[in-house]
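Asker: Next comes the sequence, and after it the predicted model I'd like to discuss.
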Amino acid sequence: MSENTVIEMIIDHLKGRFPKDCPRCQRRFVTLRDFYLHTTAVGNPVSHDLEAGDLTPQSPLGAVAVSSCQCGEPIALTSAGMPIFRYWSLLLWASTETRRRSIPVAELLNGLRDKVRAKVLSDSD
């Protein structure tokens with residue numbers, strides 16, 4: 001599986017999570033693009049299952065990336081609701097890539113987040 005395929009799979013999943021509202025200011029993010037235009041990435045994305053070395057979890061702990069709303073409230077985008085076989089394929093790809101590239105998981109996930117954001121922002125809705 002190519003990195004571009006992985007990026008498209010992540011975008012496809014995340015687009016299905018919208019609209020999404022900020023719990024503090026109630027700003028409605030209508031689309032993933034709208035969300036990325038009006039939030040700032042915070043910290044490192046985390047894949048709990050990948051960190052635990054479980055590439056086929058029966059009850060996934062999931063992955064999460066946090067962004068900050070303009071009001072300062074953290075808002076999470078997660079892998080919740082992703083079909084399990086798709087999630088497993090992403091975990092396997094990430095595990096393989098970290099070994100192949102000799103990089104830590106955090107570096108891979110940060111790079112993916114940046115590429116997902118850039119692709120969404122460069123595409124028109």
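Answerer: Arrived safely, thanks for sending.

Asker: hey, which strand is longest across this protein?
Answerer: strand 39-47 (DSSP state E).

Asker: Which secondary structure elements does that strand sit against?
Answerer: Counting by 3 or more CB pairs under 8 Å, 6 or more residues apart in numbering; DSSP states H and E, the packing neighbours recorded for strand 39-47 are strand 63-69, helix 105-122. For the C-beta atoms, the positions are set from N, CA and C on the backbone; glycine is no exception.

Asker: got the angle between it and helix 105-122?
Answerer: Relative orientation of strand 39-47 and helix 105-122, computed by axes from the mean of the first three to the mean of the last three CA atoms, to 10 degrees: 140 degrees.

Asker: residues touching residue 75, list them.
Answerer: 20, 22-23, 35, 39, 66-69 (CB atoms under 8 Å, 6 or more residues apart in numbering).

Asker: If we use 7 Å, what do you get?
Answerer: Residue 75 makes contact with 22, 39, 67, 69 under the criterion CB atoms under 7 Å, 6 or more residues apart in numbering.

Asker: Make JSON lines from these and add neighbour count and distance to residue 82 to it.
Answerer: What follows is these, written out as JSON lines (neighbours: other CB atoms under 10 Å; distance: CB to CB, whole Å):
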{"residue": "22", "neighbour count": "20", "distance to residue 82": "23"}
{"residue": "39", "neighbour count": "21", "distance to residue 82": "21"}
{"residue": "67", "neighbour count": "20", "distance to residue 82": "18"}
{"residue": "69", "neighbour count": "20", "distance to residue 82": "23"}
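
Asker: Go through stretch 63-78 and flag the buried ones.
Answerer: For stretch 63-78, a neighbour-count test (16 or more other CB atoms under 10 Å) marks 63, 65-67, 69, 75, 77-78 as buried.
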